[in-house]
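A.B. asks: sequence and computational prediction follow.
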Amino acid sequence: MTDLARAGVAETAHLVASGEVSARGVVEQALGRIEERDRGLNALSHLLVDEAIAEAQARDEALAAGESAGPLHGVPVVIKEEIDVAGTVTTFGGEANSTPVTADAEVVRRLRAAGAVVVGKSTMPEFGAFPFTESSSRGITRNPWDTSRTPGGSSGGTAVAVSSGMVPVGMGGDGGGSIRIPSASCGLFGLKPQRGRVTTAPHPHLWWALGTAGPLTRSVMDSAVVYDAIRGNVAGDLYTAGGDEPFAAAVGRDPGRLRIGWSTKAVSVGVRPDPVHVEAVRETAALLADLGHDVREVDPRYPDPTAAFVPQFFAGIRTEADLVEHPDRLERRTRETYRLGAWVTPKVLEWALAQTEKVSAKANRVFDEVDVLLTPTIANRPPRVGRLDGVGTVTAALRSMPSIAYAALWNVAGNPAASVPCGTAADGLPVAVQLVGRTDDEATLFALSAQLEQARPWPILAGDA
């Protein structure tokens, strides 16, 4: 049977649709890789062995009966713990829920409708509060490039499962960098879409204006294919996005000559980027200029997003914590965060959402001069694991600053932003840069990221974990 550890989403779906491999064979191989590779990584918190095999078998039977293959037909996928999967407990990364949900989240329903097979749930820190995938109930999730290092978070389990070749794609969420941070730490392509691009149903929002769901993949095309399968809204969504260009089509087109501004200035005051990341931005700027783009250093004149971000952070965690069945089982740090957020009354939240609009307008001034902004994705190199050991909310937040220093602003502003790999550093860990696009313009980011991927292919760990 074909070894699918290095096969991506599009390739896997093609192999299944052509009959070269069966969906069941693909899924059984993925489950075998998870069993073999996850022992020292802790990427998955719950496996759906019998359910996944049965679902894959149903995919094969549908093909045999003459049904058309979907764009994700037979592709194994893992789902972040905060997203509903029918028959499993939506844990939010902890132990405070105990009853399985009866229905898939809309994004999971769309994945299945496109032919994907859900094989498990991926680890996350409780409620995704901090960019390190560590918790008292789940333990420590480790970076497959160097197991002494964090994979980032909060979609760390998803990133590890994809980077190590267990599965070709996993679903994450991004409320302050939680798709981009682990993608940068694990050598993946991870795009945070425009606010409202992907439905959050059955919930009307994810941390109000901050959060959205999306895939982590090993290639740009794979991300585009998955987004095309899951994008769109349903009644009740608090936010919607504009534009309808298929992302897979954008990957295949020439981006044209773009005005690209680059900056290594951090949004967060007092944060200094690692020289590795500064050099990565400079090298990427030079490459983009060689590719024919108009590239220049700019001062983005970043607004301070704190007044908009912090209330929504606290309100998001408090809202999710209010939904759990067993509040007494929440982690000590989560209970502390809940208490510290008591000042975020409905009136304060309303004020913060108004600030969000002001921050967005100021952040988007840079796009009066450029089409795409190039920055580091994260300020620091992936730190050693144990960043949350024994610390409270304030210390955890301070330790998080280098990870979110370039990312969180774009959650407030709502713009699409992608972490794009650009090789490895002397420490053996991946390096990435961030591309930020205009409002509703993921298509340009996909086209430009694909051009970079072709000009400078990035290393893939799959098969070597």
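C.D. replies: Cool, got the structure.
A.B. asks: any regions of the protein where pLDDT drops low?
C.D. replies: Within the chain, the segments meeting pLDDT under 70 span 1-2, 462-465.
A.B. asks: what sits opposite Leu435 in the beta ladder?
C.D. replies: On the basis of DSSP bridges, Leu435 is bridged to Leu374, Ala418.
A.B. asks: give me the neighbour count for it.
C.D. replies: 24 (other CB atoms under 10 Å). C-betas here are computed from N, CA, C, even on glycine.
A.B. asks: do Leu409 as well
C.D. replies: Residues near Leu409, counting by other CB under 10 Å: 29.
A.B. asks: can you map out the helices along the stretch 301-450 of the chain?
C.D. replies: Counting by DSSP state H, counting those that start in this stretch, the stretch 301-450 of the chain has helices at residues 306-321, 332-340, 346-363, 393-404, 408-413, 442-455.
A.B. asks: what are the contacting residues of the shortest one?
C.D. replies: Same thing as helix 408-413. Residues outside helix 408-413 that contact it (CB atoms under 8 Å, 6 or more residues apart in numbering): 174-177, 192, 195, 209-211, 267, 302-303, 305, 308-309, 356, 359-360, 363-364, 416-417, 436.
A.B. asks: figure out how far stretch 99-106 is from the centre of its chain.
C.D. replies: Centre-to-centre, stretch 99-106 and its host chain are 21 Å apart (CA atoms, centre = their mean, to the nearest Å).
A.B. asks: contacts for it?
C.D. replies: 83-90, 109, 112, 199, 201-202, 234, 325.
A.B. asks: how close does Thr424 sit to Ser163?
C.D. replies: According to CB to CB, to the nearest Å, Thr424 and Ser163 sit 12 Å apart.
A.B. asks: ignore what I typed, I meant Val269.
C.D. replies: 32 Å.
A.B. asks: which one's more surrounded, those two?
C.D. replies: The neighbour comparison of Val269 against Ser163 (other CB under 10 Å) goes to Ser163, with 28 against 10.
A.B. asks: just give the nearest non-adjacent residue to His73, would you?
C.D. replies: Distances taken as CB to CB, 6 or more residues apart in numbering put Gly115 closest to His73, at 3.3 Å, once the chain neighbours are dropped.
A.B. asks: where's that neighbour, which helix or strand?
C.D. replies: For Gly115, there is no host helix or strand (DSSP states H and E).
A.B. asks: what of Pro204?
C.D. replies: Judged by DSSP H and E, Pro204 forms part of no helix or strand.
A.B. asks: that one - nearest residue in space that isn't next to it in sequence?
C.D. replies: Pro204 sits nearest to Leu238 (CB to CB, 6+ apart), 4.6 Å away.
A.B. asks: now that neighbour: phi and psi?
C.D. replies: phi -70, psi -30 (degrees, to the nearest 10).
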